[in-house]
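Engineer: Attaching a predicted model along with its sequence, questions to come.
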Amino acid sequence: MKRIKNPWADKEGYDCFGCAPGNPIGLKMQFYEDGDEVVSTWKPGTHHQGWIDTLHGGIIATLVDETAAWVITRKMQTTGMTIRLNMQYRRPIMTNAGCVTVRARIDKKMRNFVTIAVDVLDGEEKVCVQGEVVYCTFGPDRAREMGFLGCELED
C-alpha cells in the first residue's frame, strides 16, 4: 500500500471536515492505494459516539462518503460530487475497540456517473457497514476550476 498525496494540502481555504490535516474538529483522514482499492484507517474517540462507546452513524456516513471521494480523486483523476449515498448498518462499531478500516473501489461506471462500493470494518476486521456511493464526476475544465491538478502517490 502506498499513501496518496493530498492534492489540496497547501491550498488556501482548504478545511475539509473529512481529510484536512489542519481542521481542529475534523477527522484528519489519510488515504492509501491498495490495488484497485482506496483504503483509510481511522481511530474514533469518545467524542465521535452516538450512544455510549458506539460510533455515531453520521460519522460512519462521513467516512464512507469521504473515502468514495478519494476513489474519484485518485482512480478517476478528477473531482465531482456525491449524488446518492446508500448505507447498510449491519452491526455497531465501538469507539473503544481500535481502528476502523474503510475500503472503497469502483463498482461500475456509466458516462460521468461512478458507483463506488465501500466496506467499513471494525477493529476485529469484521464488516459492520456497507455503503454504495454514486458520484457525478466533473470534466477536466471544472476539476481545474476547483484547483484539481492531479492526485499522485507518495514516493
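Structural biologist: Okay, I see it. Values in this document were obtained by computation on a predicted structure and should not be read as measured data.
Engineer: partner strands of the helix or strand harbouring Val39, parallel or antiparallel?
Structural biologist: In this assignment (DSSP states H and E), Val39 forms part of strand 37-42. When sheet partners are counted by DSSP bridges, strand 37-42 sits next to strand 32-34 (antiparallel), strand 100-110 (antiparallel).
Engineer: The first one: which residues count as buried?
Structural biologist: Right, the one you point to is strand 32-34. 32-33 (16 or more other C-beta atoms under 10 Å). Every C-beta, even on glycine, is put in place using the N, C-alpha and C of the backbone.
Engineer: what about it, average pLDDT?
Structural biologist: Averaging pLDDT along strand 32-34 gives 98.
Engineer: chain center to it, what's the gap?
Structural biologist: 12 Å (C-alpha atoms, centre = their mean, to the nearest Å).
Engineer: neighbouring contacts of it?
Structural biologist: 1-4, 38-40, 74, 103, 153 (C-beta atoms under 8 Å, 6 or more residues apart in numbering).
Engineer: could you flag which of these are buried?
Structural biologist: Using 16+ other C-beta under 10 Å as the burial test, these include 4, 38-40, 74, 103 as buried.
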